[in-house]
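3D model of this:
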Amino acid sequence: MDRQRIDKWLWHARMVRTRSDAAALAEAGYVRINGKRKAAASQPVRIGDVVTLALDRSVRVVKVEGFSEKRGDASAARALYSDLSKPSAAKN
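All right, here's what the predicted structure looks like:
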């Protein structure tokens, strides 16, 4: 497998709770792949792509490291990406 739909990958990587939520985010323009906004849930991602996702008042930037055939547990999901987001500043 050399690519996967963005909605499916976001769901397998546990960025969202449901695949329909992932599709809605992509169609609303809240997902960027390699800096380009994507408005289709069917847009493919490949290993090495950088995905920027706007979620709940925060932005996550992750690099695609792998794919999965089915949704696994949290540790399996973390193996699908590496987090490139800047750590948030400590609150006083």
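
which residue ranges form the strands in the protein?
With DSSP state E applied, the chain shows strands at 3-5, 31-33, 36-37, 44-46, 50-55, 58-64, 81-83, listed in chain order.

wait, which of the ones you listed is closest to D21?
strand 50-55 (9.9 Å; CB to CB). Glycine gets a C-beta too; all of them are placed from N, C-alpha and C.

counting contacts, what elements does that closest one pack onto?
For strand 50-55, the elements it packs on are helix 6-12, helix 19-27, strand 31-33, strand 58-64, judged by 3 or more CB pairs under 8 Å, 6 or more residues apart in numbering; DSSP states H and E.

so which of these is the most packed in?
helix 6-12 (a mean of 23; mean count of other CB atoms under 10 Å).

Let's have the strands of the chain in JSON lines, adding mean pLDDT and distance to H12.
Formatted as JSON lines, those follow (pLDDT from 0 to 100; distance: least, CB to CB, whole Å):
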{"stretch": "strand 3-5", "mean pLDDT": "95", "distance to H12": "8"}
{"stretch": "strand 31-33", "mean pLDDT": "95", "distance to H12": "15"}
{"stretch": "strand 36-37", "mean pLDDT": "92", "distance to H12": "22"}
{"stretch": "strand 44-46", "mean pLDDT": "96", "distance to H12": "11"}
{"stretch": "strand 50-55", "mean pLDDT": "94", "distance to H12": "12"}
{"stretch": "strand 58-64", "mean pLDDT": "94", "distance to H12": "11"}
{"stretch": "strand 81-83", "mean pLDDT": "95", "distance to H12": "10"}
